[in-house]
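Q: Could you work out the structure for the sequence below:
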Amino acid sequence: MYVNETSKKLISFLLNPHNYPEKTINVVHVETHISHVFLCDTFVYKIKKPVNFGFLDFSSLKKRHYFCEKEVKLNSRLAKDIYLNVLPIYETDGHYSFAKNKKNRPVEYAVKMKKIPMDCLLFNLISEGRPLYGDLEEVGQTLAIFHGNIKPYRGRRFGGIEAILTATEENFNQIKAFRGTTIDQKSFENLSNYTGTFLEENKITFYRRKRDGFIREGHGDLHCQHICLEHPPVIFDCIEFNDSFRIIDVLQDIAFLFMDLEYRGRFDLTSCLFKSYFAGWRETQDEELLRFYKVYRAMVRGKVEGLTAGSVAGVREQELARAKATNYFNLADYYVNYPNNHFNPIVFMGLSGSGKSTIARDFSSDAVILRSDEIRKEASGVVKDEHRYGAVGEGIYAPELTQQIYCSLLNKTLGYVREGRKVIVDATYLKTSQRTHFYNSSIENGLNPFFVHCFASENILRDRIRKRMHGGQDISDADLNVLEHQLQHLEEPDELPSFRVLRINTEDAIDNIVNALKEFL
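A: Next up, the predicted model:
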């Protein structure tokens with residue numbers, strides 16, 4: 001390993017808006033472990049750090065220049081209008097410039113790109129809870145055409161069973177250190193056994209995949225932060241620094257995106273992506289192999305987050321990285337243990353007025369819907385059509401009754417699922433203890449729970465409750481006082497596995513949300 005620092009004077013030069021070839025007012029500096037990125041008003045400039053980590057080598061100026069050129073060339077395949085060129089940076093008497101004169105030579109190289117519209121970035125749209133119904137269809141089509149047009153790799157070095165064996169063995173050897181912290185011993189053994197058994201039993205499959213031309217020079221780093229949902233989609237930042245990460249089975253390439261979407265609870269988007277990607281290229285489809293590669297991708301990400309937890313300084317940052325690592329390992333475990341199981345029960349949760357009841361009602365005609373408002377009135381002897389708006393924590397909203405309601409929801413859920421029924425639970429579940437009890441009990445009883453976390457802006461929530469109270473047709477007795485109390489005391493569902501929670505902004509059209517959920521629930 002070789003790690004050197006980029007010149008501080010060069011960093012200062014690139015932080016100055018007046019030093020760029022075109023006018024810019026703002027410059028934002030983003031540092032990664034391998035590069036410095038400078039976000040200007042219209043363009044982005046990226047320089048590579050003088051480092052050698054074994055799997056990449058930017059240690060010399062010549063190598064950095066070579067990989068800058070390669071980055072532009074490779075990314076022009078899926079983002080041809082984004083990656084513009086490579087610009088040399090010169091130095092004269094300690095002063096840097098993009099302008100050449102007769103006395104100086106390049107001392108660094110920068111990749112110049114157009115700035116990606118962040119409001120169209122798939123990662124951001126998912127974080128905002130956008131339904132995105134149908135929006136991954138064009139992404140799937142684009143990637144299918146991209147992979148289909150690449151010439152098959154016929155060399156011996158990449159893509160064979162030997163390469164997969166080496167990669168998985170190295171991965172599990174590095175993950176051993178995280179046993180007992182981000183992954184338990186049982187899960188580690190199960191995932192290791194699954195991987196080894198799959199490789200042993202499917203040697204012919206890997207051989208045929210290479211023989212049939214499915215090993216190609218793909219992207220290598222397909223995930224939500226590298227996809228911009230424009231028309232056509234812009235897919236950027238492929239791996240240029242290591243051929244073995246990029247020359248792989250097309251299923252391994254796209255498996256990263258499937259896994260990344262599902263890590264964020266967006267199984268609806270992977271359902272859409274699956275249909276559109278394989279629609280015109282069915283001969284490459286192999287669901288068991290895709291599952292294997294999703295497990296592999298999840299394990300790699302779990303390892304990376306585990307390593308991150310050991311390198312960041314802040315306690316909070318360490319905790320977040322460890323939580324992410326655990327979620328990735330849990331997702332890999334889920335792929336192995338729940339390969340063909342449908343989610344059941346499904347919990348629609350969120351603040352009063354978040355739209356969860358409307359979506360739950362319209363979502364499925366054949367499911368048992370357990371609504372906390374109905375059970376609450378039954379338990380307190382109140383007629384369904386009667387409304388009792390009272391002080392928070394009293395009457396039908398007394399803490400003792402609330403606890404009884406959530407126990408009843410769980411017991412009814414377990415009973416109906418055992419009968420083979422599909423169950424939808426409609427309740428706020430604003431407390432960590434409520435969700436944890438339901439989740440743990442479901443898992444212990446062999447169920448496969450999923451949570452749809454509905455949310456909207458506070459003004460929308462208040463407006464919906466006013467309209468609901470004015471209409472008087474809904475069973476809920478949650479008024480504005482209840483909402484204000486909920487807003488002050490809600491606890492975000494961070495304790496649940498990330499892949500079991502879909503965050504959805506219900507300010508979008510309800511039909512879009514219902515259709516998105518029907519993709520996989």
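
Q: now the strands: where do they sit in the stretch 151-300 of the chain?
A: Using DSSP state E, counting those that start in this stretch, the strands found in the stretch 151-300 of the chain span residues 215-217, 227-228, 234-235, 247-249.

Q: Would you convert these into CSV that also reports mean pLDDT?
A: Output for the strands of the stretch 151-300 of the chain, formatted as CSV (pLDDT from 0 to 100):
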stretch, mean pLDDT
strand 215-217, 98
strand 227-228, 98
strand 234-235, 98
strand 247-249, 97
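
Q: Mean neighbour count and distance to Tyr335 added to those, as a markdown table?
A: Where you see a C-beta, it was placed from the backbone N, CA and C, and this is true even at glycine. Listed next are the strands of the stretch 151-300 of the chain as a markdown table, based on neighbours: other CB atoms under 10 Å; distance: least, CB to CB, whole Å:
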| stretch | mean neighbour count | distance to Tyr335 |
| --- | --- | --- |
| strand 215-217 | 22 | 23 |
| strand 227-228 | 25 | 22 |
| strand 234-235 | 22 | 24 |
| strand 247-249 | 25 | 17 |
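
Q: Of all the ones you listed, which one is nearest Phe53?
A: Among the strands of the stretch 151-300 of the chain, strand 247-249 comes nearest to Phe53, with 19.2 Å by CB to CB.

Q: So Val86, which state does it fall into?
A: strand (DSSP: H, G, I helix; E, B strand; the rest coil).

Q: contacting residues around it?
A: Contact analysis of Val86 by CB atoms under 8 Å, 6 or more residues apart in numbering lists His65, Cys68, Glu69, Val72, Tyr109, Ala110, Val111, Lys112.

Q: The residue nearest to it when sequence neighbours are not counted: neighbour count?
A: Spatial nearest neighbour of Val86, chain neighbours left out: Cys68 (4.5 Å); criterion: CB to CB, 6 or more residues apart in numbering. Neighbour count for Cys68, taken as other CB atoms under 10 Å: 24.

Q: now the strands of the stretch 151-300 of the chain in JSON lines, with distance to Leu307?
A: Converted to JSON lines, the strands of the stretch 151-300 of the chain look like this (distance: least, CB to CB, whole Å):
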{"stretch": "strand 215-217", "distance to Leu307": "27"}
{"stretch": "strand 227-228", "distance to Leu307": "25"}
{"stretch": "strand 234-235", "distance to Leu307": "26"}
{"stretch": "strand 247-249", "distance to Leu307": "22"}
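
Q: and of the ones you listed, who's closest to Val27?
A: Closest among these, once you apply CB to CB, is strand 227-228, at 21.4 Å.

Q: what helices or strands is that closest one leaning on?
A: Strand 227-228 makes packing contacts with helix 122-127, strand 234-235 when contacts are defined by 3 or more CB pairs under 8 Å, 6 or more residues apart in numbering; DSSP states H and E.

Q: which one of the contacts of Val86 sits closest to Ile443?
A: Val111 (46.6 Å).

Q: With just CA atoms, put the helix or strand in which that closest one is found into PDB.
A: Using DSSP states H and E, Val111 sits within strand 106-114. The C-alpha atoms that make up strand 106-114 are tabulated as PDB, following Å, rounded to 0.1, in the frame of the first residue of the first chain:
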ATOM      1  CA  PRO A 106       1.500  19.100 -16.600                       C
ATOM      2  CA  VAL A 107       1.800  18.400 -12.900                       C
ATOM      3  CA  GLU A 108      -1.700  16.900 -12.600                       C
ATOM      4  CA  TYR A 109      -4.700  16.000 -14.600                       C
ATOM      5  CA  ALA A 110      -8.400  16.600 -14.000                       C
ATOM      6  CA  VAL A 111     -11.500  14.900 -15.500                       C
ATOM      7  CA  LYS A 112     -14.000  17.500 -16.500                       C
ATOM      8  CA  MET A 113     -17.700  16.600 -16.400                       C
ATOM      9  CA  LYS A 114     -21.000  18.300 -16.700                       C
END
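
Q: what distance separates it from the centre of its chain?
A: Strand 106-114 sits 30 Å away from the centroid of its parent chain (CA atoms, centre = their mean, to the nearest Å).

Q: What are the buried residues along that strand?
A: Glu108, Tyr109, Ala110, Val111, Lys112, Met113 (16 or more other CB atoms under 10 Å).

Q: cool, and stretch 216-231?
A: 216-224, 226-229.

Q: just stretch 137-149 next, same as before
A: So, applying 16+ other CB under 10 Å, buried residues of stretch 137-149: Glu137, Glu138, Val139, Gly140, Gln141, Thr142, Leu143, Ala144, Phe146, His147.

Q: List the ones among those that fall in helices.
A: Those of these mapping onto helices are Glu137, Glu138, Val139, Gly140, Gln141, Thr142, Leu143, Ala144, Phe146, His147, per DSSP state H.

Q: and the residues you listed as JSON lines, adding pLDDT?
A: Shown next, in JSON lines, are those (pLDDT from 0 to 100):
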{"residue": "Glu137", "pLDDT": "96"}
{"residue": "Glu138", "pLDDT": "97"}
{"residue": "Val139", "pLDDT": "97"}
{"residue": "Gly140", "pLDDT": "97"}
{"residue": "Gln141", "pLDDT": "96"}
{"residue": "Thr142", "pLDDT": "97"}
{"residue": "Leu143", "pLDDT": "97"}
{"residue": "Ala144", "pLDDT": "97"}
{"residue": "Phe146", "pLDDT": "97"}
{"residue": "His147", "pLDDT": "97"}
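
Q: Next up, phi/psi of the closest residue in space to Arg105 that isn't next to it in sequence, please.
A: Take Arg105 and drop its neighbours on the chain: the residue closest to it by CB to CB, 6+ apart is Tyr90, 7.0 Å away. With angles defined as degrees, to the nearest 10, Tyr90 sits at phi -110, psi 160.
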